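[1] Based on what follows, work out the 3D shape:
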Amino acid sequence: MKHTLSVLVEDESGALSRISGLFARRGFNIESLAVGPAEKAGISRLTMVVAGDDHTLEQMTKQLDKLVNVLGVIDLSHIPAVERELMLLKVSAPAETRSAILDLVQVFRANVVDVADDALTLEVVGDPGKLVALEQVMESYGILEIARTGKVALERASGVNTAFLKVTASSKRVPA
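    Residues are numbered from 1 along each chain as shown. Predicted structure coming up:
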């Protein structure tokens, strides 16, 4: 199972190296890593996506908590959270397919951020599933380049679990 960890750390040289080293020494691959300033000066938030079972990740969380620069660790995998990722996607767009691509851009609420004679660069922000879906749709047009950020996530202040709401809403639909 994939886990999303939110880690608050003091801004200090080597903090990221110590955290990534902890995972590497135990044979864990960090699938996604996003780091940036947190709400307080001198503190950064790391959002990491790692694979592993619940017990193993609980042990890793305890090890992270023991690191000097780590101020707190939350596993967002089992609690309501807002998750987003950014992707830039350069796609082949000759005149004969450009209008179809632009229609899809609107469906995915993406933005065109660069236009060339034979290519478009798209920007899309959303949950990771949305990015994968756009990538799959654009494959048939010819993907030239992709750049993705790591996932960023925060616990939902409202406590509302939107994944639960999606399942509940789909189960209430009347079959056609």
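[2] Next one: the closest residue to E12 other than its chain neighbours relative to R18, how far apart?
    Closest residue in space to E12, ignoring its immediate chain neighbours: N69 at 5.3 Å, by CB to CB, 6 or more residues apart in numbering. Backbone N, C-alpha and C define where each C-beta goes, glycine included. Noted for N69: a distance of 7 Å to R18, by CB to CB, to the nearest Å.
[3] ok, those two, which is more surrounded?
    N69 (18 against 15; other CB atoms under 10 Å).
[4] Please identify the helix or strand for the closest residue to L104 other than its chain neighbours.
    Ranked by CB to CB, 6+ apart and with sequence neighbours excluded, the top spatial neighbour of L104 is V137, at 5.8 Å. Using DSSP states H and E, V137 sits in helix 128-139.
[5] Please work out which residues outside the helix or strand hosting E96 touch it.
    Here E96, judged by DSSP H and E, is contained in helix 95-107. Identification of contacts with helix 95-107 by CB atoms under 8 Å, 6 or more residues apart in numbering yields 91, 93, 111-112, 120, 122, 134, 137-138, 141.
[6] Just the mean pLDDT for it, thanks.
    Averaging pLDDT along helix 95-107 yields 96.
[7] ok now do I19, which residues does it touch?
    7, 9, 46, 64, 67, 70.
[8] Now neighbour count too, for those, in JSON lines please.
    As requested, the contacts of I19 are exported to JSON lines (neighbours: other CB atoms under 10 Å):
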{"residue": "V7", "neighbour count": "23"}
{"residue": "V9", "neighbour count": "23"}
{"residue": "L46", "neighbour count": "24"}
{"residue": "L64", "neighbour count": "20"}
{"residue": "L67", "neighbour count": "16"}
{"residue": "V70", "neighbour count": "20"}
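[9] Burial check on M48, number of neighbours?
    Counted with other CB under 10 Å, residues neighbouring M48 total 25.
[10] Give the bridge partners for the residue nearest to it when sequence neighbours are not counted, please.
    In space, M48 comes closest to L5 once its chain neighbours are excluded; the distance is 4.7 Å by CB to CB, 6+ apart. Bridge pairing for L5 (DSSP bridges) gives the partners M48, D75.
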